[in-house]
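*Asks:* coordinates only, sequence not included:
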Ligand SMILES: Nc1ncnc2c1ncn2[C@@H]1O[C@H](COP(=O)(O)OP(=O)(O)OP(=O)(O)O)[C@@H](O)[C@H]1O
């Protein structure tokens, strides 16, 4: 049976009474189930009374806990969706000592209240009065969903890992559709949550679902929430449902499919440009990150479908003459010598209506031509790039010439070194897809779509067996990665690859993560963006806060540098705090200035993570010049400036409860914009700044594990260190090794992990380092069955037995491989024996 519990209820349980209350709730629920959901048939020991005359027509019941305490609940209410009708909904907890409750007795002195509340009857009367106007609206009140078995975990669970009742807007996103669905939503509006609920609903059917994210740590989070939903739904077979959903980090998945495990990162590109192209870099006068963004997002990542020539040689493509004839007759194309040239615009237009068989063939032909084109062109053609509209490319024609030249050189560098980047592997993957070498999915869900390039999105679309079975979610205001995300273009790519038009779009604006103050500040950022850059109708909207708590936003303008150090030191010693800096460079500055290490994140690293308390360090100061330009000059419609807004937006929306800014050189004109939202401090006071709650060793340890799962090894190591637990030593060593791997020292990392007996992780490192012998060793040490090892080698295009045969006999551990192999042979022999026996039996 499902149980609903409001946050109000949880927040009103008096400290220290939690487990007692939980026990009472649990007893009551069990009684309710035992009485077959019939309140009046419950045992006499359970004392329940109804509060009469609620003005909103809500039936509220009081469960007596002791003389002064009551649990307020309702059931069978139409406030919730029908699937929860049988559920008990715990609305509030009230106890007669509650100051807030007494405070509501306006005009009555404390003594009078005390006298009034002497008898239990008057307490009841008092409660009845208090709840006369009470109402419950699941769209405004945060409500958890649990069940009888998981009730015990209710209070020790992290809020962000709980299962919640979805509001109506969120729930609408789950409706079955016969068109692709987009969910756009502000930070904390529940996009990820909805996606996982969708995966859960889909998994009830025997189909294969893919769930993609761009950040590897979000894969883990998504899996966990999925498992949590399963746990809260014991009526389904968890193992069955789990098998149907495949969670992937997009690039890992593509790497695996094309068997290329190393792609060029931004850092490598940066080194190449600085060392090998200093002159071009100087001539360009554009930041390296912006160059990377242009190459990744546009020159290599864009699908120039509107501008290419849809021309095919009719003989080579073996086009039927009747098809050509109809295409020409309908004005969907013309013949030019041996070529048929399709009129793309006309075909898109045709898609809006019902297509006859010829039109459908023409549309599919157009898709095929586009696919071929994409495979054969690693870059968009120069003439197209030079002519791109300003909404896609902001650079002057001379800069475009240089950017294109730089991209050509970059391509040469890649092929000379045998390297590839993300867009290249996406193209290779597309090739496999076209050759039908990739198993398709019945449904494809993708989160963080704003971080993908068009070619990556195109791959995702193609992965769905039926292209209507797609759910994409993202937030353009969180675009801080080098991509060129354009909502309209994604919609149009979708139209391109689907045979008919139409998709469903949802826009979510309720913020479930942060306090009202944080949401107000986020809205203030939006206001400033609209004021300076002009209104972007699709992407500029205001958010609505849902969380009840209220905390001011602190602005710490230290009177003396020592005060700042005290704040930072304290922050670093609290597991619930994360310090956010704009980028790697500022992180180094921070560490140098403060001589401190700890949970310090760049905005890029903290993206997708939420914390109780965020301290932003120089997030605005770092881009002082850009902000001054934004505020003081005419930058109307200059969309490149959105990046600075996005960066600030991502940083501040990570905070659940507390947010504090430390800005060493904030442009005064920018400060003025946000001043009204800030509560300023110049000296450090632990209590005033709500940093007085100390952290335990276990809390640090748990946080460290969380960071490690998200591959934030540096931060994980410091939290493990802070935990001071003995077992953390091994964890630290593992994180160090994994860090080496991330830096490109794959083999060294593999050796370290083998030493730590972390064979699975070691195998991944060796594979990335192309060290096949050690890769095999790590697989063997995992004691994987021979068949699986063989499969792994086949994926890399080699045969494991031949490989072993070629090895030096002195490699002693190969004996372990032989053992696995003989085990495999033995099993096969047994199967053959059994077959022979059966044949004999059949023969009689
Ligand atoms: N209906 C809901 N009731 C209560 N909490 C919710 C609800 N929906 C989402 N949340 C919580 O709000 C937080 C943000 O949700 P989620 O991560 O799904 O949002 P998001 O839109 O993907 O955020 P971002 O884009 O910033 O990563 C999470 O802690 C989640 O548990």
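*Replies:* Everything's here; your move. What you see is a predicted model, and the numbers here were worked out from it, not measured in a lab.
*Asks:* For the rest of this, base every contact and every neighbour count on C-alpha atoms.
*Replies:* Noted.
*Asks:* sec struct for whichever residue of the stretch 601-750 of the chain sits closest to the ligand, please.
*Replies:* Nearest residue of the stretch 601-750 of the chain to the ligand: residue 608, at 4.4 Å (C-alpha to the nearest ligand atom). Per DSSP: H, G, I helix; E, B strand; the rest coil, the local secondary structure of residue 608 is coil.
*Asks:* Nearest residue to it in space, please, no chain neighbours.
*Replies:* residue 218 (7.2 Å; C-alpha to C-alpha, 6 or more residues apart in numbering).
*Asks:* same check, this time on residue 73
*Replies:* Once chain neighbours are set aside, the closest to residue 73 by C-alpha to C-alpha, 6+ apart is residue 90, at 4.3 Å.
*Asks:* show me the contacts for that neighbour.
*Replies:* Residues in contact with residue 90, defined by C-alpha atoms under 8 Å, 6 or more residues apart in numbering, are 3, 4, 5, 6, 9, 71, 72, 73, 74.
*Asks:* just checking, it is part of a helix?
*Replies:* No - assessed with three-state DSSP, residue 90 is strand; it does not lie in a helix.
*Asks:* how about the residues of this structure near the ligand?
*Replies:* Within the chain, the residues that sit near the ligand (C-alpha under 6 Å from any ligand atom) are 142-143, 160, 164-167, 185-193, 512-513, 608.
*Asks:* one more time with 5 Å, if that's ok
*Replies:* 142, 160, 164, 166, 187-193, 512-513, 608 (C-alpha under 5 Å from any ligand atom).
*Asks:* farthest-separated two in those?
*Replies:* The distance between the two most remote of the residues of the chain next to the ligand (C-alpha to C-alpha) is 20.7 Å, for 142 and 608.
*Asks:* where does this structure have its least confident helix or strand?
*Replies:* Ranked by mean pLDDT, DSSP states H and E, the weakest helix or strand in the chain is helix 99-103, scoring a mean of 55.
*Asks:* before we move on, back to that, where is pLDDT lowest across the residues of the chain next to the ligand?
*Replies:* Looking at pLDDT alone, these dip lowest at residue 160, where the score is 63.
*Asks:* Point to the residue nearest the middle of the chain.
*Replies:* Central residue check for the chain by C-alpha atoms, centre = their mean: the C-alpha nearest the mean position is that of residue 218, 4.7 Å away.
*Asks:* Give the buried residues for the stretch of helix or strand residue 346 belongs to.
*Replies:* Following DSSP states H and E, the helix or strand that holds residue 346 is helix 344-351. Within helix 344-351, the residues scored as buried using 16 or more other C-alpha atoms under 10 Å are 344, 347, 348, 350, 351.
*Asks:* out of those, who's nearest residue 119?
*Replies:* Nearest to residue 119 out of the buried residues of helix 344-351 is residue 351 (C-alpha to C-alpha; 75.1 Å).
*Asks:* any weak-confidence spans in the protein?
*Replies:* For the chain, the stretches with pLDDT under 70 are 44-45, 97-118, 156-160, 481-485, 498-501.
*Asks:* So it: which segments form each domain?
*Replies:* In terms of domains, the chain is parsed into 2-157, 177-262+439-508, 266-423, 516-694, 783-844 (source: automatic domain parsing).
*Asks:* end to end, how far does the third one reach?
*Replies:* Put plainly, it is domain 266-423. Terminal residues of domain 266-423 are spaced 13 Å apart (C-alpha to C-alpha, to the nearest Å).
*Asks:* Also the last one?
*Replies:* Domain 783-844 has its terminal residues 41 Å apart, counting by C-alpha to C-alpha.
*Asks:* where does the spatially closest residue to residue 332 that is not a sequence neighbour fall, phi/psi-wise?
*Replies:* Beyond its immediate neighbours in the sequence, the residue positioned closest to residue 332 (C-alpha to C-alpha, 6+ apart) is residue 343, lying 5.2 Å away. Backbone torsions for residue 343, taken as degrees, to the nearest 10, come to phi -100, psi 100.
*Asks:* Identify the residues contacting residue 343.
*Replies:* Contacts were defined as C-alpha under 8 Å, 6+ apart; by that measure residue 343 touches 310, 331, 332, 333, 334.
*Asks:* so of the residues you listed, which ones are in strands?
*Replies:* Secondary-structure check on the contacts of residue 343 using DSSP state E: residues within strands are 333, 334.
*Asks:* Near the closest residue to residue 712 other than its chain neighbours, how many other residues are there?
*Replies:* In space, residue 712 comes closest to residue 605 once its chain neighbours are excluded; the distance is 7.6 Å by C-alpha to C-alpha, 6+ apart. The number of residues packed around residue 605, counting by other C-alpha atoms under 10 Å, is 19.
*Asks:* same question, the one 3 residues further on
*Replies:* Other residues near residue 608 come to 19 when the count uses other C-alpha under 10 Å.
*Asks:* Next, residue 613: secondary structure please.
*Replies:* strand.
*Asks:* number of nearby residues for it?
*Replies:* Around residue 613 there are 22 residues (other C-alpha under 10 Å).
*Asks:* Wait, it touches residue 574, no?
*Replies:* No - no contact is recorded between residue 613 and residue 574 when judged using C-alpha atoms under 8 Å, the distance being 9.4 Å.
*Asks:* Which positions in stretch 251-271 come out as buried?
*Replies:* Of the residues in stretch 251-271, 251-252, 254-255, 257-263, 266, 269-270 count as buried by neighbour count, 16+ other C-alpha under 10 Å.
*Asks:* With respect to the ligand, which of those is nearest?
*Replies:* residue 251 (18.9 Å).
*Asks:* ok, and what's touching the host helix or strand of that closest one?
*Replies:* Using DSSP H and E, the secondary-structure element containing residue 251 is helix 250-258. Residues from elsewhere that reach helix 250-258, judged by C-alpha under 8 Å, 6+ apart: 212, 213, 214, 261, 262, 422, 425, 426, 428, 429, 432, 438.
*Asks:* Repeat that for stretch 18-26.
*Replies:* Under the criterion C-alpha under 8 Å, 6+ apart, residues 13, 65, 148, 151, 152, 155 lie in contact with stretch 18-26.
*Asks:* Could you do stretch 714-724 as well?
*Replies:* Outside stretch 714-724, the residues that touch it by C-alpha under 8 Å, 6+ apart are 573, 575, 597-601, 696-701, 703-708, 728-729, 731-732, 735-736, 739.
*Asks:* just to revisit the earlier point, tell me which two in the buried residues of stretch 251-271 are the farthest apart.
*Replies:* Maximum pairwise distance among the buried residues of stretch 251-271 (C-alpha to C-alpha): 27.3 Å, between 257 and 270.
*Asks:* related to what we said a few turns ago, out of the contacts of stretch 18-26, who has the most neighbours?
*Replies:* Looking at the contacts of stretch 18-26 with neighbours defined as other C-alpha under 10 Å, the largest count falls to residue 13 at 21 neighbours.
*Asks:* For the ligand, give me its nearest residue in the stretch 1-150 of the chain.
*Replies:* Of all residues in the stretch 1-150 of the chain, residue 142 sits closest to the ligand, at 4.8 Å by C-alpha to the nearest ligand atom.
*Asks:* Quick check: phi and psi at that residue.
*Replies:* Residue 142 has phi and psi values of phi -70, psi 130 when expressed as degrees, to the nearest 10.
*Asks:* From residue 167, how far out is it?
*Replies:* As judged by C-alpha to C-alpha, residue 142 and residue 167 stand 9 Å apart.
*Asks:* again, but for residue 578
*Replies:* In this structure, residue 578 lies at 29 Å from residue 167, with C-alpha to C-alpha as the measure.
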